[in-house]
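S.K.: here you go, sequence then predicted model.
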Amino acid sequence: MIDKYNRNIDYMRMSITDLCNLRCKYCMPEGMRVQKLPMAEILTFEELIEVAKAAVECGITKFKITGGEPLARKGCPGFIKMLKEISGVQQVTMTTNGVALEENLPMLVDAGLDAINISLDTLKADVFSEITGRNCQEEVIRGIETAIESGIKVKLNTVLQRGVNDGEWNDIILFANKHNIDVRFIEIMPIGYGRGMEVVSNDFLRRELQKKYPDLKDDMSIHGNGPARYVKIPGSDCSIGFISAIHGKFCGDCNRIRLTATGKLKPCLCYGDTVDVKKIVRDNCGTDEISSYKRQKRLVGVIQEAILSKPKEHCFEKITDITEMKKMVEIGG
Ligand code: SAM
Ligand code: SF4
C-alpha cells in the first residue's frame, strides 16, 4: 500500500515476544528489566496469523520475525511455517541473537524461513559477556556456522560501542568474509537504553574502512528490505552495510510498519503513537464465518490507518522530540 509520502509499505516487523535470554546494554541491560508481561498480554500465534492475513490484504508481502528474542518463544518455527502458508506472503525472515539457533535450525529450515539476520557485536568471549551480560558467545558462533551450512541466507548485524568493541570492526568484516556473508553496522539509536549512549558514527567507520581498503566501492545492488547502504571490498563476494539512523536519514525509502508482541502497530520507530489491533482480534463477536469476515475487515481498516499515519521522517537527531518511551526489546528493532 502507498502511504501519504508515496512510499510503498510492503514489509512488517512482527515482534512475537518481549522476552530475551541476553541483556544487551543498549537494549535491555542487566537489572533494568521492564516488568515481565503476563502471557495473556501477548498475542497468540493464531491472533498474529489473523493480523498477518489482514496485513497481506493491505499489501504487506514480507515479514521479519523479531522479539525480544524470537527463539525464546516456544513454537516460533511452527509459527513461521503458518505464516509462510498464507497466500500472498512472499518472504519470512527472522532476526535473532543466535543463542538458540543451532537447535532450532532444522525446524526453521523445515518451516521455509527465507533468511536470518544474526546479531554479533564481538568475536571475543569476554567482550560478549560484557555487552550481553551472558556467557554464551560459543553458542552464537555455532548458530551462525550451522545456519550458513543449512543454506539459509545469513547476514550479521553489528552495533559498535565506543571503548567496548569499536576496535573490532575489521575482525568482524574478516569473519564475515571468511564465511561469505554480509555484515551491517547499525548505529546505536536513541530508543530505550540507547538514549544518551555515544554513537560510533557510520561516517567515521566508512572513512576508516576507506583508509584500510582504498579500493572500496559503493555496492548499489539490492540486499534485502532494509535501509542499509552497502560497500564492497574489491575481490570479496561479501558486502558491508551501514544502517545509519543518526548520520544518514533513510526515511524517504521507508517501507515498513511494526507490530509489537502486545498487538500495537507502530507507524514509526521514533514516535510512541500506536494503533491497537489486539482489541479487534479479541473481539468475541463470534467465530462464525460472517463474524470473522467482519473482524478481518476491521483489522484491514486499522492497518491501513496505521500506514496512512506514517510520519514523513524520524527525529532521532533531536532527542527531545522523540516520543517513543518503550525499550528496544519491547519493539524488536
Ligand atoms: N534479539 C534479536 C537480536 O538481537 O537480533 C532481535 C531483537 S533486537 C532488538 C534487533 C536488533 O536491534 C539487534 O540487531 C540489536 O543489536 C538491535 N538493537 C537493539 N537496541 C538497539 C539500539 N538502541 N540501537 C540500535 N540497534 C539496536
Ligand atoms: Fe535481547 Fe536482541 Fe535486545 Fe540483545 S538486542 S537484549 S539479544 S532483544
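M.R.: Here it is on my side, so go on. Residues are numbered from 1 along each chain as shown. Ligands and ions are numbered 1, 2, ... in the order given.
S.K.: hey, let's count contacts and neighbours off CA atoms from now on
M.R.: OK.
S.K.: in this structure, where's the longest helix?
M.R.: The helix that spans the most residues within the chain, counting by DSSP state H, is helix 289-308.
S.K.: after that helix, next one along is what?
M.R.: Counting by DSSP states H and E, the element after helix 289-308 in chain order, helix or strand, is helix 328-331.
S.K.: what about that following helix, near ligand 1?
M.R.: Yes. Using C-alpha under 6 Å from any ligand atom, helix 328-331 reaches ligand 1 at Met328, Val329.
S.K.: now that helix: buried residues?
M.R.: Met328, Val329, Glu330, Ile331 (16 or more other C-alpha atoms under 10 Å).
S.K.: any figure for the gap between the last one and Asp126?
M.R.: What that stands for is Ile331. From Ile331 over to Asp126 the distance is 28 Å, taken as C-alpha to C-alpha, to the nearest Å.
S.K.: picking that back up, from the buried residues of helix 328-331, which is closest to ligand 2?
M.R.: Val329 (4.6 Å; C-alpha to the nearest ligand atom).
S.K.: what about the closest residue to the closest one other than its chain neighbours, how many residues nearby?
M.R.: Nearest residue to Val329, sequence neighbours excluded (C-alpha to C-alpha, 6 or more residues apart in numbering): Gly68, at 4.7 Å. Applying other C-alpha atoms under 10 Å, we find 29 residues neighbouring Gly68.
S.K.: please report how far Gly105 lies from ligand 1.
M.R.: Actually, residue 105 is Leu rather than Gly. For Leu105, the distance to ligand 1 (C-alpha to the nearest ligand atom, to the nearest Å) stands at 16 Å.
S.K.: quick one, what contacts the closest residue to Lys153 other than its chain neighbours?
M.R.: Distance criterion C-alpha to C-alpha, 6+ apart; nearest residue to Lys153, sequence neighbours excluded, is Ala115 at 4.6 Å. By C-alpha atoms under 8 Å, 6 or more residues apart in numbering, the residues touching Ala115 are Val92, Thr93, Met94, Ile152, Lys153, Val154.
S.K.: so which strand or helix has Cys20?
M.R.: Per DSSP H and E, there is no helix or strand for Cys20.
S.K.: hmm, it is touching Gly68, no?
M.R.: Yes. Contact criterion C-alpha atoms under 8 Å: Cys20 and Gly68 qualify, at 4.9 Å.
S.K.: pull up the overlap in contacts between the two.
M.R.: In contact with both Cys20 and Gly68: Val329, using C-alpha under 8 Å, 6+ apart.
S.K.: next, the residue nearest to Lys153: phi, psi?
M.R.: phi -160, psi 160 (degrees, to the nearest 10).
S.K.: what do you get for Lys211?
M.R.: The phi/psi pair for Lys211 (degrees, to the nearest 10) is phi -60, psi -40.
S.K.: which of the buried residues of helix 328-331 come close to ligand 2?
M.R.: Val329.
S.K.: make JSON lines from the buried residues of helix 328-331 and add pLDDT to it.
M.R.: Listed next are the buried residues of helix 328-331 as JSON lines, based on pLDDT from 0 to 100:
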{"residue": "Met328", "pLDDT": "92"}
{"residue": "Val329", "pLDDT": "92"}
{"residue": "Glu330", "pLDDT": "91"}
{"residue": "Ile331", "pLDDT": "93"}
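S.K.: pick the one among the buried residues of helix 328-331 closest to Thr260.
M.R.: Ile331 (5.5 Å; C-alpha to C-alpha).
S.K.: hang on, that closest one packs against Thr17?
M.R.: No. Under the criterion of C-alpha under 8 Å, Ile331 is not in contact with Thr17, lying 9.2 Å apart.
S.K.: joint contacts of those two?
M.R.: Gly67, Gly68, Ala261.
S.K.: make CSV out of those and add distance to ligand 1 and secondary structure.
M.R.: Listed next are the shared contacts of Ile331 and Thr17 as CSV, based on distance: C-alpha to the nearest ligand atom, whole Å; DSSP: H, G, I helix; E, B strand; the rest coil:
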residue, distance to ligand 1, secondary structure
Gly67, 5, coil
Gly68, 5, coil
Ala261, 12, coil
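S.K.: which members of those additionally contact ligand 2?
M.R.: Gly67, Gly68.
S.K.: list just the nearest of the shared contacts of Ile331 and Thr17 to Thr287.
M.R.: Nearest to Thr287 among the shared contacts of Ile331 and Thr17, with distances taken as C-alpha to C-alpha, is Ala261, at 23.0 Å.
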